[in-house]
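**Q** Predicted model and sequence follow; I will ask about them next.
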Amino acid sequence: MKILAIALLAAVSLSGQDPLEIVRHSTERDWTDFESRKDYLYQQHREFREYNKDGSVGSRRSETKEIVIVAGRPFQRLIARDDQPLADKETRREQQKFDREVSGWQHESPADRVKAEKERAEDRKFVREAPDAFVFHLLGVESVSGQPAWVIQAEPKPGYRPVEARARLFTKVRAKVWIEQATYHWVKMDAEALDALTFGFGLLRVAPGGTLHFEQVKVNGEIWLPSSALIHGDARLALIKKLRAEIDIRYSGYRKFQSDSRLVETREN
């Protein structure tokens, strides 16, 4: 009886919820919450793994970067390679590169900053086509980082014709997304390639069956920030080398950075 009662309560909570309108509402905001990440410091660990035919790991390489976002602009410096700190010479070179980037930002005109923001908005313009590109089914409600989220299945809509070039991606994937009820953030996603996906000016081609997992975490009880991304599948590099590979990205160490403080305070070895 208890299980039946829970099922009935879940059914009531889902009644009247239109998955299309949920998705439409969610696409009005930046699903990575980039703006909320400003004035935060964090680390990004990216590992590339290449697999042998028998499924064993053939090679792996990784990079760890420290990233700080000031006024909506990310600045990063490499701090480790293959889980080993950089040599002193390379550390200084990365520091100099970081300093040049920060100096360039500090000398930008207001017009330049407005232009950069418009370009970022233009880059994600294709996301607004998502509600028209898929057929949505509301599967239920699950908890992500302790918060209730709608679970929605998205299947490519037959006959959909993209307007933005980047929206062609939507015709080649199916996905399950978790959208937090309170803020309409996409807090989790599992996607599968139904057709070959091409990245990096055609240099990387992922075969059908490749998968993508993305998840965010609630930080300080106030904002959602990326926690992990995993891309896995067969690929062809530079349209020549065929490989089975995995890209594993982990984010950690989120902490507030006072934007009116000196950036040098964040750059510790």
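**A** All right, it came through fine.

**Q** just for the stretch 151-269 of the chain, where's the confidence low?
**A** Filtered on pLDDT under 70, the stretch 151-269 of the chain yields the residue ranges 200-203, 238-239, 258-269.

**Q** And the strands in it?
**A** Listed in chain order, the strands of the stretch 151-269 of the chain (DSSP state E, counting those that start in this stretch) span 173-180, 186-193, 197-199, 204-206, 211-219, 223-237, 241-256.

**Q** nearest to residue 98, of those strands?
**A** strand 241-256 (17.0 Å; C-beta to C-beta). C-beta coordinates here come from the backbone N, C-alpha and C atoms, glycine included.

**Q** For the closest one, which residues meet the burial criterion?
**A** Buried residues in strand 241-256, defined by neighbour count with 16 or more other C-beta atoms under 10 Å: 244, 245, 246, 248, 249, 250, 251, 254.

**Q** Just list what that strand packs against, helices and strands only.
**A** Other helices and strands packing on strand 241-256, by 3 or more C-beta pairs under 8 Å, 6 or more residues apart in numbering; DSSP states H and E, are strand 40-51, strand 223-237.

**Q** Report the angle between the shortest one and strand 211-219.
**A** Put simply, strand 40-51 runs at 160 degrees to strand 211-219, going by axes from the mean of the first three to the mean of the last three C-alpha atoms, to 10 degrees.

**Q** Can you name every helix or strand that strand 40-51 contacts?
**A** strand 57-70, strand 241-256.

**Q** Identify the bridge partners of residue 192.
**A** When assigned by DSSP bridges, residue 192 has beta-bridge partners residue 174, residue 211.

**Q** next one: stretch 244-254 to chain centre, how far?
**A** 10 Å (C-alpha atoms, centre = their mean, to the nearest Å).

**Q** My error: substitute stretch 227-235 in the last question.
**A** The answer for stretch 227-235 is 11 Å, by C-alpha atoms, centre = their mean.

**Q** I'd say residue 250 and residue 228 touch.
**A** Yes: taking C-beta atoms under 8 Å as the definition, residue 250 is a contact partner of residue 228 at 5.4 Å.

**Q** Please work out the average pLDDT along the lengthiest helix in the chain.
**A** Using DSSP state H to define each element, the chain has its longest helix at helix 88-106. For helix 88-106, mean pLDDT is 88.
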